[in-house]
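Chemist: okay, sequence plus prediction incoming.
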Amino acid sequence: MLEIKNITICYKDRPAVKHFSMTLRQGEIASFVGESGSGKTTVIRAVMGLLAGGGRVVEGDILFEGKSLLKNTPAQWRKLRGVDISMVFQDSGTMLNPIRKIGNVFVEYIRTHQHISKAEAWQRGIAMLERMRLPSSGNIMNSYPFQLSGGMRQRVGIAMAMTFQPKLLLADEPTSALDVTTQAQIVRQMMELRDEYGASILIVTHNLGVAAYMSDWIVVMKDGEISDSGNRDEILNGVHSDYAQKLLDAVPSLRGPRYV
């Protein structure tokens with residue numbers, strides 16, 4: 001489904017990601033882990049065509065279902081984003097307009113991609129919020145972002161991203177700044193969405209526990225390059241790089257053996 005072929009990404013002629021390659025098949029979940037500044041978010045933003053600050057792919061290609069994303073026109077991106085490829089940002093609250101109610105933003109988003117009435121879009125929004133197990137979805141649609149908790153805003157962001165059952169979901173640290181109970185709920189719900197819709201998920205996370213729990217494939221990044229990659233068992237228990245071992249050793253343990 002997604003093939004990243006030897007891409008190099010630069011910001012003002014300075015490489016942030018160098019010679020990065022990976023393949024993601026339908027229904028797979030892959031995690032990017034590594035320290036801040038290692039290029040994780042840059043890669044998924046390149047896939048989404050949302051590189052900021054003058055960033056650009058100067059080498060290689062990104063293929064989605066066999067077609068190059070780097071050749072997309074603005075019109076092609078508008079058709080693709082939010083429908084076939086969606087993204088959940090680190091804090092979905094920043095994605096929402098603080099002076100507009102959730103329902104108004106949700107309805108506008110749906111009607112941008114589908115020609116239906118406002119009433120139909122409203123009901124579809126409520127149905128998606130209910131799928132994310134948000135209580136009183138009608139009240140949430142009539143709420144402003146600041147009236148919701150961080151976990152609720154994150155669920156709203158995931159609900160919007162999954163509205164059109166995308167083939168690929170990109171998630172940029174969707175559980176950061178959330179308490180551990182909410183983190184667990186968000187992770188479980190993302191996996192349920194994968195199981196229900198067959199979507200592939202590419203997630204950026206600092207949390208090795210999250211990566212270990214939900215990923216089929218883990219990519220360890222350092223200084224803009226792949227330090228290590230493999231399936232979950234290979235990274236956690238097999239032969240891997242010294243850097244990957246240092247990340248694993250950094251996970252605190254109270255007693256006894258620890259398996260992230």
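Modeler: Sure, I can see it.
Chemist: residue ranges in the stretch 151-260 of the chain under the pLDDT threshold?
Modeler: 177, 239, 253-260 (pLDDT under 70).
Chemist: going by residue numbers, what spans are helices in it?
Modeler: Assigned by DSSP state H, counting those that start in this stretch, the stretch 151-260 of the chain shows helices spanning 180-197, 208-214, 232-237, 242-249.
Chemist: next up, the contacts around the residue nearest to residue 118 when sequence neighbours are not counted.
Modeler: Distances taken as Cβ to Cβ, 6 or more residues apart in numbering place residue 107 nearest to residue 118, at 5.6 Å, with adjacent residues excluded. (Glycine included, C-beta is placed from N, CA and C.) Residue 107 is in contact with 118, 121, 122, 125, counting by Cβ atoms under 8 Å, 6 or more residues apart in numbering.
Chemist: with residue 89 instead?
Modeler: Per Cβ under 8 Å, 6+ apart, neighbours of residue 89: 95, 157, 172, 174.
Chemist: residues contacting the most centrally placed residue in the chain?
Modeler: Nearest to the mean C-alpha position of the chain, by Cα atoms, centre = their mean, lies residue 171 at 1.0 Å. By Cβ under 8 Å, 6+ apart, the contact set of residue 171 is 87, 88, 190, 201, 202, 203, 204.
Chemist: just the buried members of the residues you listed?
Modeler: Neighbour-count burial (16 or more other Cβ atoms under 10 Å) applied to those gives 87, 88, 190, 201, 202, 203, 204.
Chemist: picking up where we left off before, restricted to strands, list the contacts of residue 107.
Modeler: The strands, defined by DSSP state E, take in nothing from the contacts of residue 107.
Chemist: so which of these sit within helices?
Modeler: Counting by DSSP state H, the contacts of residue 107 place 118, 121, 122, 125 in helices.
Chemist: and the nearest residue to residue 92 once chain neighbours are set aside, what does it touch?
Modeler: Using Cβ to Cβ, 6+ apart and skipping residues adjacent in sequence, the residue nearest residue 92 is residue 157, 2.6 Å away. The contact partners of residue 157, by Cβ under 8 Å, 6+ apart, come to 88, 89, 92, 95, 96, 174.
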